[in-house]
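**Q** Okay, structure incoming, though there's no sequence with it:
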């Protein structure tokens, strides 16, 4: 017996064709600093066709080429998001918050043929031009910017609107492209060593979109307006842009205006229903909503039915603050560049009271059917999914990476510390899984504190500290200790006007964790260092401590 089903390719081209016709009246709205600027999906689809013609006919882009984007979340970026893979080429979203050396590394490693860049980001690109390989032939500038900064570029500089003007608005999108061909490449944030490239296929993007649009996750519909605060260079903005175009949900793009006040203003005026961001962004937004800086009346945030929080664990106090004071429901999700990124989503089972739901909401969530998970103990043994036994999380599935990009003409890379012998992705996260599939992460393997033969969860200590009403941020790291091997150090950012002192914080924490887990070393800092995607950069704190650059207070006995 054989299947009677048609074998139709799952491609980004299909998402583009569907969204620009069936959902042509939906809109993508870009915030320009003063207000919203709107295009329909039909208009965006026509401009994507013009961009594809320009890339092919003017810039010589072929299916073998990679086109980079160094852009904020805006409509022009969305056009490239769709046009480049739909014409059969590979989109490379460049992280504009990487250190210059790392940015140059990923441009060269991916062998970008062209880069589309926002004018406001030109100083960053100009600064790395001397380090870029001659494989880069074209730079396309979107929006106003100082083009003289590119005077040393040996290739050709184009202005976006002039480049696409007058070209046909319908393109023969590659509908029959092999769905397993590369569509997009994203690089990890490079917190240790050089960033690593993860190449998403058309098939993986399409299947990931179906999951993002499912009722078990974002559940996007044409009645929604999605606000991806997470940058579009970060794991395909969690799949939201492509999924919105597939479902007909409207998009609200914040461009470079990611500060608490403009975010609160655009939520108040444009009325998004769904958003996604890392905890550090939403932490600042909560302060703005609690204490508006430039207005007397409260912001209207009633349109938001759900805000998805990922990138790092969300403190329960932050979730409760939004819900209790502003009626905004924060939902945990977990993922990483290697997982496209959707790995889990924390919607509680039905039939629970509000209090009972919290036990599920503070977890990272449940795995969708397409993501298989297992836990591996220190000796390689399989740990049971009993909600108690901890191990390193390993996953596999149709949108999970099985290797890293090795560079042009090179074989894929499968480091042993990242991939098991049987092909599962080793996430580096340590946690437990319940019998009904809910994941709770207790730490990153590299961040767990091993003190006197016992493990201390830095995440747990951080969550308790950030539950204090006068604590804005808290990061806990392991530091060397002669007696215990490692002990926790707490770096704390207090809110303006705070009156609590470090002994008071230690007393607050003492009522919530075992006494042997209490940090002896404390440091008040102006801000917790963050990675290019907004996560706490704990390696910086450890390095500053080792170099004697932190002002450390010792409390209690070791």
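**A** Right, received. Where do you want to start? Since this is a predicted model, take the numbers as computed values, not measurements.
**Q** Quick check: chain neighbours aside, which residue is closest to the residue nearest to the spatial centre of the chain?
**A** The chain has residue 234 as the residue nearest its centroid, 4.4 Å off, counting by CA atoms, centre = their mean. With CB to CB, 6 or more residues apart in numbering as the criterion, residue 234 has its nearest non-adjacent residue at 5.0 Å, and that residue is residue 533. In this view, the C-beta of every residue, glycine as well, is placed from N, C-alpha and C.
**Q** Tell me how many other residues crowd the one you found.
**A** 21 (other CB atoms under 10 Å).
**Q** Then residue 170?
**A** Residue 170 has 11 nearby residues by other CB under 10 Å.
**Q** Kindly provide the distance from the residue nearest to it when sequence neighbours are not counted to residue 20.
**A** Take residue 170 and drop its neighbours on the chain: the residue closest to it by CB to CB, 6+ apart is residue 49, 5.5 Å away. Look at residue 49 and residue 20: by CB to CB, to the nearest Å, they are 9 Å apart.
**Q** And the pLDDT at residue 251?
**A** In this prediction, residue 251 carries a pLDDT score of 98.
**Q** low-scoring stretches of this protein, by residue?
**A** 175, 190-192, 453, 455, 557-558 (pLDDT under 70).
**Q** domains for it, by residue range?
**A** For the chain, automatic domain parsing gives the domain ranges 1-201, 371-445, 447-554.
**Q** what's the closest non-adjacent residue to residue 524?
**A** residue 492 (5.8 Å).
**Q** Give the bridge partners for the one you found, please.
**A** For residue 492, the beta-bridge partners are residue 474, residue 524 (DSSP bridges).
**Q** Let me see the contact set for it.
**A** By CB atoms under 8 Å, 6 or more residues apart in numbering, residue 492 lies in contact with 465, 471, 473, 474, 502, 505, 522, 523, 524, 525.
**Q** thought the residue nearest to the centre of the chain was touching residue 340?
**A** No. At 11.7 Å, residue 234 does not count as touching residue 340 under the criterion of CB atoms under 8 Å.
**Q** still on that earlier bit, can I assume the residue nearest to residue 234 is in contact with residue 97?
**A** Yes. The criterion here is CB under 8 Å, and residue 533 meets it with residue 97 at 7.2 Å.
**Q** any residues in contact with both of those two?
**A** Common neighbours of residue 533 and residue 97, using CB under 8 Å, 6+ apart, are residue 231.
**Q** Quick check: the residue nearest to the centre of the chain vs residue 202, distance?
**A** For residue 234 relative to residue 202 (CB to CB), the value is 20 Å.
**Q** For residue 107, which non-adjacent residue is spatially closest?
**A** Nearest non-adjacent residue to residue 107, counting by CB to CB, 6+ apart: residue 132, 5.6 Å away.
**Q** OK, contacts around that neighbour?
**A** 104, 107, 108.
**Q** Of the residues you listed - the most surrounded one?
**A** For those, neighbours tallied by other CB under 10 Å; top is residue 107, 25 neighbours.
**Q** who touches the helix or strand that contains the residue nearest to residue 170?
**A** In the assignment (DSSP states H and E), residue 49 maps to helix 41-53. Applying CB under 8 Å, 6+ apart, the contact partners of helix 41-53 are 16-17, 19-21, 23-28, 39, 75, 78-80, 82-84, 86-87, 163-165, 167-171, 173, 245, 248.
**Q** need the next SSE after it, C-terminal direction.
**A** Downstream of helix 41-53, the first helix or strand assigned by DSSP H and E is strand 66-70.
**Q** Following the chain past that following strand, name the next helix or strand.
**A** helix 75-86.
**Q** Strand partners (parallel or antiparallel) of whatever helix or strand comes next after that next one?
**A** Scanning forward in sequence from helix 75-86 by DSSP H and E, the next helix or strand is strand 90-93. Strand pairing for strand 90-93, determined by DSSP bridges: strand 66-70 (parallel), strand 182-187 (parallel).
**Q** So which of the ones you listed is the most surrounded?
**A** Greatest average neighbour count among those goes to strand 66-70 (a mean of 26), per mean count of other CB atoms under 10 Å.
**Q** quick one, that strand and helix 41-53 angle?
**A** 130 degrees (axes from the mean of the first three to the mean of the last three CA atoms, to 10 degrees).
**Q** still on that earlier bit, list the contacts for the residue nearest to the centre of the chain?
**A** Contacts for residue 234 (CB under 8 Å, 6+ apart) come out as 93, 95, 186, 311, 533.
**Q** Now the first one: closest residue in space that isn't a chain neighbour?
**A** Using CB to CB, 6+ apart and skipping the chain neighbours, the partner closest in space to residue 93 is residue 233 (4.1 Å).
**Q** surely the one you found meets residue 95?
**A** Yes. Taking CB under 8 Å as the definition, residue 233 is a contact partner of residue 95 at 4.7 Å.
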